[in-house]
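Novice: Got a sequence here, can you build the structure:
(2 chains)
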Protein chains: 2
Amino acid sequence: MNPKIFFTPGPAAIYPTVAQHTQNAFAEQIPSISHRSPAFQAIYQQTYENIREIFQLPDDYAVLFTGSATEVWERLLQNCVAHETFHLVNGSFSRRFYDFALLLNKMPHLHEVLWGQGFDLAQIEVPTNVEMICVTHNETSTGVSMPVADIHALKDRYPDKLLVVDMVSSAPIPMLDFTKIDAAYFSVQKAFGLPAGLGVWLVNRRCLEKAQTLEDQGQVTGTYHRLTNLWKSFEKFQTPPTPNVLGLYLLSKVTQDLLHKGIRQIRQETNTKAQLLYNAIEAMDGLEIFVKNPDHRSEVVVVANTQGNATELIQKLADQNMVIGSGYGQNKTSQIRVANFPATSLTEVEELLEIMQKTM
Amino acid sequence: MNPKIFFTPGPAAIYPTVAQHTQNAFAEQIPSISHRSPAFQAIYQQTYENIREIFQLPDDYAVLFTGSATEVWERLLQNCVAHETFHLVNGSFSRRFYDFALLLNKMPHLHEVLWGQGFDLAQIEVPTNVEMICVTHNETSTGVSMPVADIHALKDRYPDKLLVVDMVSSAPIPMLDFTKIDAAYFSVQKAFGLPAGLGVWLVNRRCLEKAQTLEDQGQVTGTYHRLTNLWKSFEKFQTPPTPNVLGLYLLSKVTQDLLHKGIRQIRQETNTKAQLLYNAIEAMDGLEIFVKNPDHRSEVVVVANTQGNATELIQKLADQNMVIGSGYGQNKTSQIRVANFPATSLTEVEELLEIMQKTM
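Specialist: The predicted model follows:
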């Protein structure tokens, strides 16, 4: 059977080097090493250094590991918020973060726009008592991106509030200025092209200090994955519980591969492939780009309306080993989502578009 | 370089079939499949059925997946306890569960004995208001096991309280009667011989009902991994966030392998190897079995006192590619810990003992 080519927004196409790295991991007996050993610490440190270079992280940032990016929502709310958050919501994932704040009895403020739309900064007014502003760089459910300049501008307007950025499906593509934000997080099974099972939390000392203050005031901030505890372990390049050691090893290797190729090069290729996708889909009969404002179109998740036949189109492409995503939630049968991650090559994108053109 | 043989209590020796299963997973493109797809649901269902058979789970049990067994401590306390817990503590891990209860502002009652000792049921008195009794079948830090008959007897004495069992490093060896307990949990990187990054939580409807009651009363029970939410996903053989799909696939395959070999056979082999280890270590000059009461000696983690030279002994064995564990915490330099998991064969145990005899 010919292998399928995955253009799904996560779990997604696996980066081409991962299978070999995994075989090496078994040959080196990585799954058996102790998570308290120097061998493990070296893997963590290498991963930290690679991620630091990729994102140009300032010195006051830690790189922490959780079970999923979903977990980071919970940990941010428990550890960095006493009372009030502010959420920019325009899809399922930004909405879920807001829902988590409700469940944890924080007082979340909601600034919501319709699915497919981005935000107009002029319309955003963050109340005085808000402690944390939560933005989503790339809303995976709708294919809407928030321009990084807008994210930075938010910090300029509200420098005293913590600004946290969901990059779950876009990292490492956007060039965020990490001196303008306080935390960001992503999953490895999206643009990094790795097997799922690891969340990555980039977080600065301001967040740590907030967590320490809340703990000192008697707030329950969690147990093993309290931010203070995660950070203390990070300083030894360890994790509080036994982590996904194999996942971490693979992340250390793939970040190395990305750096070797060059992050600038990867960003350029992503941009080129995105333009190709948008232009081709725009020209196709029966498909319509969902996000109207070109400035808000995601480079990594391209969403298009079909004429109610998304399921049929997805199946026809699958029959030709091209796996694209369905719409999310309410748009499951009316939209398609095409991921444009570093693991898929320009040739593969061209191949997909050729087959789509013949199939439509 | 010759491969090392790991006798460490976790991360541990990898079950012999795992490397090949992993290669198959990549060939079948498992890391790219959607966690909402029928292909994923089939993996979850197969894992559930295998685990159900291995542990002879009653119908009212769910099998849930978390990032680690450590996470299960937090989720049990958040979801199944309003006010009071009771902890049998005789080592680092049972103590940590108690510490988690303190951090979460539950009122934990402590029944503690010295490291290396087990419990005398006659000495245990659980206060009336306690909602959950927490026992550790196998204290990985000290090599003390609690006889399953004692665990069952606790339930007979306190049928109205939830009884939860830490089997982190012993599952699937002990033959627990799951009608006598309400939840148990383990890590895959111990006796199952898998790469770390997955906690498994076996939990019954009584726990679910308690969680629902607490939610209805307005208690904060968490967000994505609330027990009610995990259970709702389980009913579709899904997980709330993207899980460690590869880890789950490997668990489905290794549980299949264990069933194919026969759990009874595996338990017998474990017992045979344990007797061999205890007898040989007892006879060695310079080593002394740590756990005095034979009824409380763990079959899967054998702990011995050295004469202060544990580090040296461990190094000498490592030079011959035999990796054993150091003592835990305060006993790091004075004790050795030898894991006896299904992944290590009788021949390998004999080889270890032969080298130890020559080395001592």
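Novice: Correct me if wrong: A:Val203 contacts A:Leu227.
Specialist: Yes: contact criterion Cβ atoms under 8 Å: A:Val203 and A:Leu227 qualify, at 7.1 Å. Glycine gets a C-beta too; all of them are placed from N, C-alpha and C.
Novice: pLDDT below threshold where in the stretch 201-350 of chain A?
Specialist: By pLDDT under 70, the stretch 201-350 of chain A has no low-scoring segment.
Novice: ok, the single nearest residue of it relative to chain B - contacts?
Specialist: Using Cβ to the nearest Cβ, the closest approach of the stretch 201-350 of chain A to chain B is made by A:Asn244 at 2.9 Å. Applying Cβ atoms under 8 Å, 6 or more residues apart in numbering or on different chains, we find A:Asn244 in contact with A:Phe65, A:Gly67, A:Gly197, A:Leu198, B:Gly67, B:Pro195, B:Ala196, B:Gly197, B:Leu198, B:Asn244, B:Gly247.
Novice: switch to 10 Å and redo it
Specialist: Neighbour list for A:Asn244: A:35, A:65-67, A:188, A:195-199, A:250-251, B:67-68, B:189, B:195-198, B:244, B:246-247 [criterion: Cβ atoms under 10 Å, 6 or more residues apart in numbering or on different chains].
Novice: what does A:Ser169 give?
Specialist: Counted by Cβ under 10 Å, 6+ apart, A:Ser169 has contacts A:9-10, A:12, A:69, A:93, A:136-141, A:143, A:145, A:186-187, A:189-191, A:298, A:300-301, A:339, A:341.
Novice: Pull up the overlap in contacts between A:Val203 and A:Leu227.
Specialist: Counting by Cβ under 10 Å, 6+ apart, the shared contacts of A:Val203 and A:Leu227 are A:Ala62, A:Leu64, A:Arg75, A:Leu76, A:Asn79, A:Cys80, A:Ala183, A:Ala211.
Novice: mind checking the SS state of the first one?
Specialist: Here A:Ala62 is strand, with the state taken from DSSP: H, G, I helix; E, B strand; the rest coil.
Novice: What's the separation between the residue in chain A that chain B sits nearest to and A:Glu125?
Specialist: As assessed by Cβ to the nearest Cβ, chain B sits closest to A:Gly67 within chain A, at 2.5 Å. Going from A:Gly67 to A:Glu125 by Cβ to Cβ, to the nearest Å gives 35 Å.
Novice: what about these two, which has more around it?
Specialist: Neighbours were counted for A:Gly67 and for A:Glu125 using other Cβ atoms under 10 Å in any protein chain shown; A:Gly67 has more, 28 against 9.
Novice: Name all residues that make contact with A:Asp257.
Specialist: So A:Asp257 contacts A:Tyr15, A:Pro16, A:Thr17, A:Val18, A:His21, A:Asn50, A:Gly193, A:Pro342 (Cβ under 10 Å, 6+ apart).
Novice: Show me which of these are buried.
Specialist: The neighbour-count test (16 or more other Cβ atoms under 10 Å in any protein chain shown) marks A:Tyr15, A:Thr17, A:Val18, A:His21, A:Asn50, A:Gly193, A:Pro342 as buried among those.
Novice: Once you drop chain neighbours, what's closest to A:Tyr61?
Specialist: A:Asn204 (5.1 Å; Cβ to Cβ, 6 or more residues apart in numbering or on different chains).
Novice: count of residues packed around the nearest residue to A:Gly329 once chain neighbours are set aside?
Specialist: Nearest residue to A:Gly329 in three dimensions, chain neighbours excluded: A:Ser92, at 5.3 Å (Cβ to Cβ, 6+ apart). Using other Cβ under 10 Å, A:Ser92 has 17 neighbouring residues.
Novice: Ramachandran coordinates for A:Arg112?
Specialist: Wrong residue type there; residue A:112 is Glu, not Arg. When quoted as degrees, to the nearest 10, the phi and psi of A:Glu112 stand at phi -120, psi 140.
Novice: what sits against the nearest residue to A:His87 once chain neighbours are set aside?
Specialist: The shortest distance from A:His87 to any non-neighbouring residue, by Cβ to Cβ, 6+ apart, is to A:Tyr98 (4.2 Å). Contact analysis of A:Tyr98 by Cβ under 10 Å, 6+ apart lists A:73, A:85-89, A:106, A:108-112, A:134.
Novice: per-residue confidence for A:Tyr98?
Specialist: Reported pLDDT at A:Tyr98 in the predicted model: 98.
Novice: Next, the buried residues of stretch A:51-71.
Specialist: Going by 16+ other Cβ under 10 Å, stretch A:51-71 has these buried residues: A:51-52, A:54-55, A:57, A:61-71.
Novice: should've said stretch A:226-239
Specialist: Neighbour-count burial for stretch A:226-239 [16+ other Cβ under 10 Å]: A:Arg226, A:Leu227, A:Asn229, A:Leu230, A:Trp231, A:Ser233, A:Phe234, A:Phe237, A:Thr239.
Novice: ok, for the third one, nearest residue in space, not its chain neighbours?
Specialist: It stands for A:Asn229. Counting by Cβ to Cβ, 6+ apart, A:Asn229 lies nearest to A:Pro240, which is 5.4 Å off, once chain neighbours are set aside.
Novice: Now that neighbour: phi and psi?
Specialist: Torsion angles, degrees, to the nearest 10, at A:Pro240: phi -60, psi -50.
Novice: What is the burial count for it?
Specialist: Neighbour count for A:Pro240, taken as other Cβ under 10 Å: 20.
Novice: go on, A:Asn2?
Specialist: Quick note: A:Asn2 (other Cβ under 10 Å) scores 6 neighbours.
Novice: Now A:Gln46. Nearest residue, chain neighbours left out?
Specialist: Nearest residue to A:Gln46 in three dimensions, chain neighbours excluded: A:Ser252, at 4.6 Å (Cβ to Cβ, 6+ apart).
Novice: where's the residue nearest to A:His87 relative to A:His109, distance?
Specialist: Taking Cβ to Cβ, one finds A:Tyr98 at 9 Å from A:His109.
Novice: Mutual contacts of the two, please.
Specialist: A:Thr85, A:Phe86, A:His87, A:Cys134.
Novice: check contacts around the first one.
Specialist: Spelled out, that is A:Thr85. A:76-77, A:97-98, A:100-102, A:104, A:106-110, A:130-134, A:161-162, A:164.
Novice: That one: what secondary structure?
Specialist: From three-state DSSP, the assignment for A:Thr85 is strand.
Novice: for it, which residues make a bridge with it?
Specialist: A:Pro108, A:Met132 (DSSP bridges).
Novice: Next, count neighbours for the residue nearest to A:Asp295 when sequence neighbours are not counted.
Specialist: The spatial neighbour of A:Asp295 that comes closest, neighbours along the chain excluded (Cβ to Cβ, 6+ apart), is A:Pro147 at 6.0 Å. Per other Cβ under 10 Å, the neighbour tally for A:Pro147 reads 15.
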